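In: 3D, please:
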Amino acid sequence: MKQNLYIIDDDYIEKLKRVAPYVYDNKEQNFHKRKYLGPFILHGIPYYIPLSSPKKNDFYDADFTKIKKSILPIERIIVNHTLYGTLRLSNMIPVPKEKTHLYHVWREYDFLYQDVILKELSYLYKNHKRICKNVAVLYEQKKKKYPFSYLIHCIDFDKVEEIYQKEK
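Out: Numbers count the residues shown, from 1 in each chain. Sure, this is the predicted structure:
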C-alpha cells in the first residue's frame, strides 16, 4: 500500500496526548501543520508517522555538517547530503480515517516549504520498503516489551490503541 502525507485533527492529537506523553504536537514552530506519513496497517490498525524538522541532536557536530545515521526509531531524511527532516517511527500513532486529511503538496502556498516536502516525499518513496519493515519491527518490539533503551521513549501503543478504538 502506498503511503501519503496527512494532517491529523488537533482534537484527536490532544486526546492521545492525555494518555501518551510522546505524542507530538500538531504545530511546528514555523506555523505549518505537522505532516504524517501513512497509513501503515499494523494488526488491522492504521498508523501514521509524524515528520519533524531537523534538530541539533540529529548532528554529530556544532557546525551541523555531520549528520547522524538513521536508527530504528528515527529515519533521517537526507537528500544530496542535506538533512531535510526526520520520520519519527517511535512516535507513530493509530488514527481513524475520519480524523485524517490528505495533504496536497501542490496547494502549498509557501514554495520553499513545498520544495522541502517534495524532497522528503522523494526520499520516503525511494526508501518505502525499508521504512515499512522498520515500522513493523519497532511495533512488535514495543508490544512484546523488548528491553531496548530506545523503546523507553516510544509511544505506548496499547494506550493509544484504546483511544483509537473509542474514536473509530
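
In: hang on, I93 packs against N26?
Out: No: I93 lies out of contact with N26 (Cβ atoms under 8 Å); the separation is 11.1 Å. Bear in mind the C-beta positions are built from the backbone N, C-alpha and C, glycine included.

In: which neighbours do these two share?
Out: 8, 13 (Cβ atoms under 8 Å, 6 or more residues apart in numbering).

In: those two: which is more packed in?
Out: Using other Cβ atoms under 10 Å as the criterion, I93 and N26 rank with I93 on top: 27 against 19.

In: contact partners for that one?
Out: I93 makes contact with 8, 13, 16, 20, 23, 36, 47-48, 50, 155, 160, according to Cβ under 8 Å, 6+ apart.

In: out of those, list just those in helices.
Out: Applying DSSP state H to the contacts of I93, the entries found in helices are 13, 16, 160.

In: tabulate the residues you listed in CSV, adding columns for pLDDT, neighbour count and distance to D63.
Out: Formatted as CSV, the ones in helices among the contacts of I93 follow (pLDDT from 0 to 100; neighbours: other Cβ atoms under 10 Å; distance: Cβ to Cβ, whole Å):
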residue, pLDDT, neighbour count, distance to D63
I13, 96, 20, 34
L16, 97, 21, 36
V160, 97, 23, 38
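
In: look at R88 and say how many residues are nearby.
Out: By the measure other Cβ under 10 Å, the count of residues near R88 is 21.

In: how about I8?
Out: So I8, with other Cβ under 10 Å, has 23 neighbours.

In: next up, the contacts around it.
Out: I8 sits next to 26, 34, 36, 48, 93, 95, 99-101 when contact means Cβ under 8 Å, 6+ apart.

In: and of those residues, the nearest to D61?
Out: Closest approach between the contacts of I8 and D61, by Cβ to Cβ: R34, at 27.1 Å.

In: wait, what's in contact with the closest one?
Out: 7-8, 24-28, 50-52.

In: coming back round to it: and the contacts of I8, which of them are in strands?
Out: Per DSSP state E, strands hold the following members of the contacts of I8: 36, 48, 93, 100-101.

In: count of neighbours near the residue nearest to K143 when sequence neighbours are not counted?
Out: In space, K143 comes closest to F157 once its chain neighbours are excluded; the distance is 6.0 Å by Cβ to Cβ, 6 or more residues apart in numbering. Residue neighbour count, defined by other Cβ under 10 Å, stands at 21 for F157.

In: re the thing from before, from the ones in strands among the contacts of I8, list the buried ones, please.
Out: Buried by 16 or more other Cβ atoms under 10 Å: 36, 48, 93, 100, out of the ones in strands among the contacts of I8.
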